[in-house]
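Visitor: build me a model from this:
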Amino acid sequence: MESKNKQKLSLKVQRVFSVEIRRKTVRDVERGKCTILQASNELGVSQGSIYKWINQYSLYLKQSKRMVVEDKSEAYRSKELENKLKEVEAMLGRKQMEIEFLNKMIEIANEEFKIDIKQSVKKRLSNGIESTKE
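Guide: Take a look at the predicted model:
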């Protein structure tokens, strides 16, 4: 019965490390003198404690930020829209070149055949529209 009481009394003692020891450990890890595992084994603390010290005292090694990744993040959508815009601008440029080409062809045909093709097409279209209205 007494042995059970002794076991209950022999709880793990909580050790508190000074700020100086914590900072020294963090400096050693930063400089590569030891790894986090080696430091935790040497001091008899968990690796989590060493990470907490690094987050608290380190000038270089800071806790990484969490990034929320969605199916289609804002950056992905933005890039997608930029690509779509480039595609539409290219299509617009091609259509503009086609219009200029056709206008030049009409101009050459007007000079060649001595008729105003645009005017004759407008007359035919207006006649066709009038006949469909009746």
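Visitor: averaged pLDDT, the longest helix seen in the chain. What do you get?
Guide: Scanning the chain for the longest helix, with DSSP state H as the assignment, gives helix 74-113. Mean per-residue pLDDT for helix 74-113: 93.
Visitor: any idea how far it is from the chain center?
Guide: Relative to the mean C-alpha coordinate of its chain, helix 74-113 is positioned 31 Å out (CA atoms, centre = their mean, to the nearest Å).
Visitor: tell me which other helices or strands it touches.
Guide: helix 117-133 (3 or more CB pairs under 8 Å, 6 or more residues apart in numbering; DSSP states H and E). Heads up, the C-betas are built off the backbone N, CA and C, glycines and all.
Visitor: the helix it packs on vs helix 74-113, what angle?
Guide: 110 degrees (axes from the mean of the first three to the mean of the last three CA atoms, to 10 degrees).
Visitor: now do helix 117-133: everything it contacts.
Guide: Contact with helix 117-133 is made by 106, 109-110, as judged by CB atoms under 8 Å, 6 or more residues apart in numbering.
Visitor: measure the residue positioned nearest the centre of the chain to residue 32 for me?
Guide: The residue lying closest to the centre of the chain (CA atoms, centre = their mean) is residue 75, at 4.2 Å. Note on residue 75: its distance to residue 32, by CB to CB, to the nearest Å, is 34 Å.
Visitor: repeat for residue 127
Guide: Residue 127 sits 88 Å away from residue 32, going by CB to CB.
Visitor: how does the chain divide into domains?
Guide: 15-57, 74-133 (automatic domain parsing).
Visitor: what's the most buried one of those?
Guide: With neighbours defined as mean count of other CB atoms under 10 Å, the domains of the chain peak in mean count at domain 15-57, which reaches a mean of 14.
Visitor: over to the residue lying closest to residue 42 once chain neighbours are set aside. Which of the three states is it?
Guide: Computed as CB to CB, 6 or more residues apart in numbering, the closest residue to residue 42 that is not its neighbour in sequence is residue 34, at 7.3 Å. Three-state assignment for residue 34 (DSSP: H, G, I helix; E, B strand; the rest coil): coil.
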